[in-house]
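J.: take a look and give me a structure for this.
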Amino acid sequence: MAQRFVLNETSYHGSGAITAIVPEVKRRGFKKAFVCSDPDLVKFNVTSKVTDLLGAEGMKYELYSNIKPNPTIENVQTGVAAFTKSGADYLIAIGGGSSMDTAKAIGIIAANPEFADVRSLEGVADTKNKSVPIIAVPTTAGTAAEVTINYVITDTEKKRKFVCVDPHDIPILAVIDPDMMSSMPKGLTAATGMDALTHAIEGFITKGAWELSDMFHIKAIEIISRSLRNAVAGTPEGRTDMALGQYVAGMGFSNVGLGIVHSMAHSLGAFYDTPHGIANAILLPTIMEYNAPTTGTKYRDIARVMGVTGTEKMTEAEYRKAAVDAVKKLAADVGIPMNLKNIAKAEDVPQLAMSAIADACTPGNPRDPTVADISALYTSLL
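T.: Below you'll find the model as predicted:
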């Protein structure tokens, strides 16, 4: 069986990388940008770090900021209408996963108008055309949406998130500049960092994992586990390492899928608007324990690159516990809540579980769950 691997064509990394945007735009002959960025980033002059570069060169752009933390169908629909009216010929997404996911959906629908019903993009949509060109500039170190073929939209009417998987949506240019992430507060740094660790661990153990993806994931786990504490503390080195670590994780999981940590986190986000990184971080250790019997020796590798010594002498049970404990320790050190008591309600568990079992990430989980399994996992954290 052929294994497909899709990556964005160009990426820039490092402090000051955003200065590459103007020459790239000129080289590609783009005329007007449709800039997608959330209201807070606009308010606190993060978005302007990029738009000022465009303005200084007389480059045209239009700003779109009707974007929620968990972007909705309505955010996409109004975005498509605004893009069409603007006359723009490319998009710049500035922000976390929300801005980039919104831009991806807008770009896909604008290039494939037969998918104007946003819900029709769920799963693997058979789009014919590449997205309107997207330049992605992350301001958080977590989602890696700038290098993935995935995006997630919230259906508020049905209280569910749906995952869209489409090679046509991948940004043509990713600009990973840690200076764009310097204003992230500690809590957001921790949450998005644990989201990146979840990507790396789930991608490493998913059913679709293979040697090429393993190479990215194990390195990402190593980078994230050594740098997240420093990033939360605000050190430039920590932020730079996290910017790279989350990107490397994205290169892997985009191509092999995830598992039920993400399925269950999507349900929490749809029901309670729970920040995605927080949901993933709380769920990850418990679901690692659930998945352990189907992971072979991979938890030994996880424990080793997370700094656990003596893994080569450990029994299977010992190194699996060591890997879970290392994740728990990292989460605790960066201030992640340990349970769902202040987030979820027991009476909602049946609906949460049904939504999670139907999620596009569930088939990739290394252990096949039942609705009862997922209900029990939620309940154990209440």
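J.: wait, is Lys341 part of a helix?
T.: No. Counting by DSSP: H, G, I helix; E, B strand; the rest coil, Lys341 is not part of a helix but coil.
J.: what's around it, how many residues?
T.: Neighbouring residues of Lys341 were enumerated by other C-beta atoms under 10 Å; the total is 9. C-beta coordinates here come from the backbone N, C-alpha and C atoms, glycine included.
J.: and if you look at the one 5 residues further on?
T.: Neighbouring residues of Ala346 were enumerated by other C-beta under 10 Å; the total is 10.
J.: OK, contacts around it?
T.: 379, 382 (C-beta atoms under 8 Å, 6 or more residues apart in numbering).
J.: switch to 6 Å and redo it
T.: Counting by C-beta atoms under 6 Å, 6 or more residues apart in numbering, Ala346 makes contact with Leu382.
J.: tell me the spacing between it and Leu284.
T.: Using C-beta to C-beta, to the nearest Å, Ala346 is found at 21 Å from Leu284.
J.: all helices of the protein, in order?
T.: With DSSP state H, the ranges of helices along the chain come out as 21-28, 39-43, 48-56, 73-86, 97-111, 186-205, 211-233, 236-256, 260-272, 276-291, 298-305, 316-333, 349-357, 371-380.
J.: now the ones you listed as TSV including mean pLDDT and distance to Asp169?
T.: Shown next, in TSV, are the helices of the chain (pLDDT from 0 to 100; distance: least, C-beta to C-beta, whole Å):
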stretch	mean pLDDT	distance to Asp169
helix 21-28	98	18
helix 39-43	94	21
helix 48-56	98	20
helix 73-86	97	12
helix 97-111	97	4
helix 186-205	96	17
helix 211-233	97	19
helix 236-256	96	10
helix 260-272	96	18
helix 276-291	96	18
helix 298-305	98	29
helix 316-333	97	30
helix 349-357	97	23
helix 371-380	98	28
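J.: in TSV: the ones you listed, plus mean neighbour count.
T.: Formatted as TSV, the helices of the chain follow (neighbours: other C-beta atoms under 10 Å):
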stretch	mean neighbour count
helix 21-28	14
helix 39-43	16
helix 48-56	16
helix 73-86	18
helix 97-111	28
helix 186-205	26
helix 211-233	21
helix 236-256	24
helix 260-272	26
helix 276-291	24
helix 298-305	23
helix 316-333	18
helix 349-357	20
helix 371-380	17
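J.: figure out which of these is closest to Gly14.
T.: helix 236-256 (7.4 Å; C-beta to C-beta).
J.: so what does the closest one touch, helix or strand wise?
T.: Secondary structure elements in contact with helix 236-256, counted by 3 or more C-beta pairs under 6 Å, 6 or more residues apart in numbering; DSSP states H and E, are helix 186-205, helix 211-233.
J.: can you get me a residue count around the closest residue in space to Pro366 that isn't next to it in sequence?
T.: Closest residue to Pro366 apart from its sequence neighbours, by C-beta to C-beta, 6 or more residues apart in numbering: Thr294 at 4.3 Å. Residues within reach of Thr294, counting by other C-beta under 10 Å, total 13.
J.: could you do Val124 as well?
T.: Counted with other C-beta under 10 Å, the neighbours of Val124 add up to 13.
J.: span of stretch 81-92 from start to end?
T.: This stretch, stretch 81-92, spans 16 Å end to end (C-alpha to C-alpha, to the nearest Å).
J.: so how far is it off the chain centroid?
T.: 24 Å (C-alpha atoms, centre = their mean, to the nearest Å).
J.: which pLDDT value belongs to the residue nearest to Pro366?
T.: Per-residue confidence (pLDDT) for Thr294: 97.
J.: same check, this time on Thr143
T.: Residue-level pLDDT assigned to Thr143 equals 91.
J.: got the contact list for it?
T.: Going by C-beta under 6 Å, 6+ apart, Thr143 touches 96-97.
J.: could you point out which of the helices of the chain sits nearest Pro171?
T.: Nearest to Pro171 among those is helix 97-111 (7.5 Å), distances taken as C-beta to C-beta.
J.: using CSV, write out every CA atom in that closest one.
T.: Output of helix 97-111 as CSV, limited to C-alpha atoms (Å, rounded to 0.1, in the frame of the first residue of the first chain):
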residue,chain,number,x,y,z
GLY,A,97,-5.8,27.3,15.2
SER,A,98,-9.0,29.3,15.1
SER,A,99,-7.7,31.9,12.6
MET,A,100,-6.0,29.3,10.5
ASP,A,101,-8.9,26.9,10.5
THR,A,102,-11.3,29.8,9.5
ALA,A,103,-8.9,30.8,6.7
LYS,A,104,-8.7,27.2,5.4
ALA,A,105,-12.4,26.8,5.2
ILE,A,106,-12.8,30.2,3.5
GLY,A,107,-10.1,29.4,1.0
ILE,A,108,-11.5,26.0,0.2
ILE,A,109,-15.1,27.2,-0.3
ALA,A,110,-14.0,30.2,-2.4
ALA,A,111,-12.1,27.9,-4.7
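J.: which residues are contacting that helix?
T.: Residues from elsewhere that reach helix 97-111 (C-beta under 6 Å, 6+ apart): 36-38, 67, 69, 71, 75-76, 79-80, 83, 91, 93, 115-116, 127, 129, 131-132, 134, 136, 143, 145, 151-152, 169.
J.: could you check the angle helix 186-205 makes with it?
T.: Helix 97-111 runs at 60 degrees relative to helix 186-205, counting by axes from the mean of the first three to the mean of the last three C-alpha atoms, to 10 degrees.
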